[in-house]
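In: All I have is the shape, not the residue letters:
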């Protein structure tokens, strides 16, 4: 059964959602029968990488709020992440456009290493404070996973995978994705946001029990939205 995950590297709730989703699979007897595919979503496709300002300053500017309020919001998210065993260092994070990172995800897809790339991208951005728009940083991630870094760089230069990224973005609009993370189970049920573990487990069990390989429409799971990020910011 296929599970698709729309996500953006710079979305703090996407990393948290990834952990909760992974925990929902840990003791599942069907985890080996699942195909996981990461899909691209950009919270701000027009964002220009700027290493001169902090994430707190960017959030304050983007949301039109005082800097102190932005710092408090990021502190709350940091605490939420810590509950999932994640370390967020927003004081190090670089304001960066995520398109090249999404290209790397699609490059890794061809070698069945999408999940590993996503993990290292999140870690690089939120924990290590690396610039995920820097080709050198992205090539290092590719190398760590045994991928051909030069071939990835060539794909960036020739824009050979751009259409695949854009197709994900288009598909997100078509199915009504308003924010990420957004998990789609068998094109039938969806979980929006970094929901609690129990909902991930319930949705997995329900979708698998009704699994029909020919299913091709999405029916959103009737549930309240969890913490997520959208074009207007994170809630």
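Out: It's in. As the structure is a computational prediction, the values presented were derived from the model and not from experiment. Residues are numbered from 1 along each chain as shown.
In: those helices in the protein, which residues are they?
Out: 12-26, 55-63, 67-82, 99-109, 114-122, 135-144, 149-158, 162-175, 197-209 (DSSP state H).
In: How far does the fourth one sit from its chain's centre?
Out: The offset between the C-alpha centroid of helix 99-109 and the centroid of the whole chain comes to 12 Å, using CA atoms, centre = their mean, to the nearest Å.
In: That one packs against which elements?
Out: strand 35-40, helix 114-122, helix 135-144, helix 149-158, helix 162-175 (3 or more CB pairs under 8 Å, 6 or more residues apart in numbering; DSSP states H and E). From N, CA and C alone the C-beta is placed, and that goes for glycine too.
In: Any stretches of the chain with poor pLDDT?
Out: Counting by pLDDT under 70, the ranges of the chain that qualify are 212-225, 231-233.
In: Repeat the analysis, applying 50 as the threshold.
Out: Low-confidence segments of the chain, defined by pLDDT under 50, span residues 215, 222-224.
In: returning to what we had before: relative to residue 17, which of the helices and strands packed on helix 99-109 is closest?
Out: helix 114-122 (10.5 Å; CB to CB).
In: helices or strands next to that closest one in the packing?
Out: helix 12-26, strand 35-40, helix 99-109, helix 135-144.
In: Need the residues that contact the first one.
Out: Right, helix 12-26. 5, 7-8, 31, 34, 74, 77, 80-81, 84-86, 88, 118-119, 122, 126, 180-181, 183, 193-197, 200-201, 204, 226-229, 234 (CB atoms under 8 Å, 6 or more residues apart in numbering).
In: Are any of the residues you listed buried, and if so which?
Out: Neighbour-count burial (16 or more other CB atoms under 10 Å) applied to those gives 5, 7-8, 34, 74, 77, 80-81, 84, 86, 88, 118-119, 122, 126, 180-181, 183, 193-195, 200-201, 204, 226-229, 234.
In: In contact with residue 141, which residues?
Out: 104, 117, 120-121, 124 are the contacts of residue 141 under CB under 8 Å, 6+ apart.
In: Save those as TSV, and put in neighbour count too.
Out: Listed next are these as TSV, based on neighbours: other CB atoms under 10 Å:
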residue	neighbour count
104	31
117	25
120	23
121	27
124	22
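In: which one of these is nearest residue 166?
Out: Nearest to residue 166 among the contacts of residue 141, with distances taken as CB to CB, is residue 104, at 15.2 Å.
In: Distance of the closest one relative to residue 23?
Out: 25 Å (CB to CB, to the nearest Å).
In: what's the spacing between residue 145 and residue 159?
Out: Taking CB to CB, one finds residue 145 at 22 Å from residue 159.
In: ugh, wrong one, residue 107
Out: As judged by CB to CB, residue 107 and residue 159 stand 12 Å apart.
In: Of the two, give the one with the bigger neighbour count.
Out: Using other CB atoms under 10 Å, the more surrounded residue of residue 107 and residue 159 is residue 107, with 26 against 10.
In: Can you give me every residue that contacts the more buried one?
Out: Here residue 107 is in contact with 142, 147, 151-152, 155, 161 (CB under 8 Å, 6+ apart).
In: Identify the residues contacting stretch 192-211?
Out: Outside of stretch 192-211, the residues within contact range by CB under 8 Å, 6+ apart are 1, 3, 13-14, 16-17, 20-21, 23-25, 28, 30, 33, 178-179, 181-183, 185-186, 188-189, 191, 220-221, 223, 225-228.
In: Lovely, talk soon.
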